[in-house]
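1. Provide a 3D model corresponding to the input given below.
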Amino acid sequence: MKRRLINSTLSVVLVVVALFCVPLGLVEKRSIEGNAQGLVTAEAQHLVGVVENRMVAGEPIDSESLSGLADQNAQRYALVDVPGQAPITLGSKPVGSDPLTARETGAHGEQVLVQQSREPLDREIRAMLLLLIAVTVLTVLAAALLAVWQSRRLAQPLVELAETAERLGSGDPRPRQRRYGIVELDRIAEVLDSSAERIARMLTAERRLAADASHQLRTPLTALSMRLEEIAETDDPETVKEEAAIALVQVERLTDVVQRLLTNSRDQRNASAVSFDLDEVIKQQVEEWRPALRRYGRTLYLEGPPGIKAIGTPGAVAQVLAALIENSLMHGDGSVTIRTRVRGSSAVLEVQDEGVGVPSELGARVFERAVSGHNSTGIGLAVARDLAEADGGRLDLLSQRPPVFALFLGRQVEEQ
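-> Here you go, the predicted model:
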């Protein structure tokens with residue numbers, strides 16, 4: 001590209017110089033020749049006038065009386081022919097062929113021939129041509145330097161923009177925020193930066209979705225694995241049948257989780273909010289997690305009035321509750337208590353254990369992604385809060401010691 005820009009610029013400059021300098025040289029050459037010829041003609045006319053005046057005054061006309069005029073330019077040669085006298089010559093006859101010549105005839109028949117060598121004229125023309133050539137060379141050099149500078153100014157941004165596009169294609173979506181002072185190139189840079197920001201947001205969303213999916217799928221998969229282990233360890237057909245039914249429920253939960261991940265939209269979740277029995281969700285989660293807690297020698301307790309009707313999505317509430325129970329299982333200690341209560345127009349679902357609680361330096365930051373006090377992923381509580389908010393609820397940390405997490409949901413108030 002650089003070579004093309006340089007060649008095109010130099011071609012344009014050479015054409016312009018040729019169209020300008022050639023006619024200018026011809027005009028200047030003719031002007032110099034015309035001026036020189038005019039001077040010779042003026043000299044001849046002057047000599048004719050002097051000779052005519054002397055003839056009228058009866059003064060002698062000879063080389064001595066006219067030598068002062070001839071000495072004004074020693075390179076000119078004059079031949080004066082007066083009737084009745086021998087021709088008078090002034091100066092030396094010019095050497096070379098085709099000298100500048102002027103002939104004039106007076107009123108009394110006198111004739112004057114003035115000639116001048118073309119050598120001074122040729123020197124002046126050569127000087128003029130050398131000046132034009134020098135100007136042409138300087139112009140071409142200046143144009144070449146300008147073309148090189150301009151080609152670099154245009155090519156370097158294109159190289160950088162190509163590198164930016166290549167970085168985008170290789171998965172590095174950092175915008176460069178670099179502008180070049182050229183409208184078209186700045187427009188391309190703006191589009192690439194906008195694309196980089198969009199790609200960065202898309203990659204962030206995809207990574208977040210992958211992290212959320214792995215965490216949300218882990219809980220039902222763990223529960224399903226426990227049920228399958230129970231089936232594998234028992235020979236009782238009734239137990240196998242019961243555990244298989246629970247395993248099928250876990251499969252349905254997995255299907256529901258996948259569907260929610262595919263339709264990860266706040267509006268879609270709110271649109272699916274219904275009134276449901278909170279006890280049914282709690283009972284389902286108790287059946288899933290009680291065996292796991294039992295393995296660690298821990299007990300699960302239920303507290304609160306029955307029959308609370310909450311507004312939300314049962315599947316999302318189940319996932320939040322599962323995340324809170326799993327958090328207590330992994331990071332807490334002692335018995336786990338699931339408590340329900342009513343607060344105004346809200347149904348509150350609390351999960352509490354007897355562990356050391358949330359470290360004081362974490363506090364409310366426990367819901368931030370990648371924040372964990374026990375070297376875990378730090379995703380579970382963040383996903384749970386996102387699910388709660390997307391379902392129109394709120395997940396809060398009510399107490400750090402003992403740890404109490406509370407899910408606030410809308411409540412259906414029964415008409416009297």
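
2. Need the three-state assignment for Asp235.
-> coil (DSSP: H, G, I helix; E, B strand; the rest coil).

3. and if you look at Leu349?
-> Going by three-state DSSP: Leu349 is strand.

4. Okay, it and Ala406: tell me how far apart.
-> 7 Å (Cβ to Cβ, to the nearest Å). The way it works is simple: take the backbone N, C-alpha and C, and place the C-beta from them, glycine included.

5. neighbour count winner among those two?
-> Set Leu349 next to Ala406 and count neighbours by other Cβ atoms under 10 Å: Leu349 wins out with 26 against 20.

6. residues contacting that one?
-> Leu278, Ile282, Ala310, Val317, Leu321, Ile338, Arg339, Thr340, Ala406, Leu407, Leu409 (Cβ atoms under 8 Å, 6 or more residues apart in numbering).

7. Just list whatever residues bridge to it.
-> Assessed by DSSP bridges, Leu349 has beta-bridge partners Thr340, Leu407.

8. Gly312 versus that one, what's the distance?
-> In terms of Cβ to Cβ, Leu349 sits 10 Å off from Gly312.

9. swap in Thr255?
-> Thr255 is 19 Å from Gly312, by Cβ to Cβ.

10. do Leu131 as well
-> 93 Å.

11. So the two - more neighbours on which side?
-> Higher neighbour count among Leu131 and Gly312: Gly312, with 28 against 12, using other Cβ under 10 Å.

12. could you list every residue that touches that one?
-> Contacts of Gly312 (Cβ under 8 Å, 6+ apart): Ala273, Val274, Phe276, Asp391, Gly392, Gly393, Leu409, Gly410.

13. count of residues packed around the first one?
-> Residues contacting Ala273 under the criterion other Cβ under 10 Å number 19.

14. Over to the closest residue to it other than its chain neighbours: give its phi and psi.
-> Distance criterion Cβ to Cβ, 6 or more residues apart in numbering; nearest residue to Ala273, sequence neighbours excluded, is Gly312 at 5.3 Å. Backbone torsions of Gly312, given as degrees, to the nearest 10, read phi 170, psi -160.

15. How confident was the prediction at Gly312?
-> On pLDDT, Gly312 comes in at 88.

16. any idea how far Ala223 is from it?
-> 21 Å.

17. what's the answer for Thr255, then?
-> Distance from Thr255 to Ala223, by Cβ to Cβ: 14 Å.

18. can you give me the mean pLDDT across the helix or strand containing Leu132?
-> For Leu132, the element it lies in under DSSP states H and E is helix 119-169. Averaging pLDDT along helix 119-169 yields 85.

19. cool, stretch 221-230 as well?
-> Mean predicted confidence for stretch 221-230 is 74.

20. Equivalent analysis for stretch 275-287, please.
-> Rounded mean pLDDT across stretch 275-287 is 90.

21. Can you tell me what sits against it?
-> By Cβ under 8 Å, 6+ apart, the list of residues contacting stretch 275-287 reads 246, 249, 300, 302, 306-312, 314, 317-318, 321-322, 325, 338, 340, 347, 349, 409, 412.

22. Now, those that are in helices?
-> Counted as lying in helices by DSSP state H, out of the contacts of stretch 275-287, are Ile246, Val249, Pro314, Val317, Ala318, Leu321, Ala322, Ile325.

23. need the contact list for Arg253.
-> Contacts of Arg253 by Cβ under 8 Å, 6+ apart are Pro220, Ala223, Gly315, Ala318.

24. tell me the pLDDT at the third one?
-> The model reports Gly315 with a pLDDT of 82.

25. gap between it and Asp353?
-> 24 Å.

26. Counting neighbours, go ahead and name the busier of those two.
-> Asp353 (25 against 21).

27. quick one: buried residues of the strand or helix carrying Lys283?
-> According to DSSP H and E, Lys283 maps onto helix 278-295. When burial is assessed from 16 or more other Cβ atoms under 10 Å, helix 278-295 yields the following buried residues: Leu278, Asp279, Val281, Ile282, Gln284, Gln285, Val286, Glu288, Trp289, Ala292, Leu293.

28. Restrict that helix to CA atoms and write it as CSV.
-> Extracted in CSV, the C-alpha atoms of helix 278-295 (Å, rounded to 0.1, in the frame of the first residue of the first chain):
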residue,chain,number,x,y,z
LEU,A,278,-44.0,-22.9,50.3
ASP,A,279,-44.2,-26.1,52.3
GLU,A,280,-44.1,-28.2,49.2
VAL,A,281,-40.8,-26.7,48.1
ILE,A,282,-39.3,-27.1,51.5
LYS,A,283,-40.5,-30.7,51.8
GLN,A,284,-38.9,-31.5,48.4
GLN,A,285,-35.6,-30.0,49.5
VAL,A,286,-35.7,-31.7,52.9
GLU,A,287,-36.1,-35.1,51.2
GLU,A,288,-33.1,-34.4,48.9
TRP,A,289,-30.7,-33.1,51.5
ARG,A,290,-31.5,-35.0,54.7
PRO,A,291,-29.5,-38.1,53.6
ALA,A,292,-26.5,-35.9,52.8
LEU,A,293,-26.7,-34.2,56.2
ARG,A,294,-27.2,-37.5,57.9
ARG,A,295,-23.9,-38.8,56.4
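
29. Now do the closest residue to Leu161 other than its chain neighbours: how many residues are near it, please.
-> In space, not counting the residues next to it along the chain, Leu161 is nearest to Ile188; the distance is 5.7 Å by Cβ to Cβ, 6+ apart. Residues contacting Ile188 under the criterion other Cβ under 10 Å number 17.

30. quick one: Ile188 and Thr101, what's the gap?
-> 70 Å.

31. swap in Gly25?
-> On the measure of Cβ to Cβ, Gly25 and Thr101 end up 25 Å apart.

32. about what we covered before: show the buried residues in the contacts of Gly312.
-> Among the contacts of Gly312, those that count as buried by neighbour count (16+ other Cβ under 10 Å) are Ala273, Phe276, Asp391, Gly392, Gly393, Leu409, Gly410.
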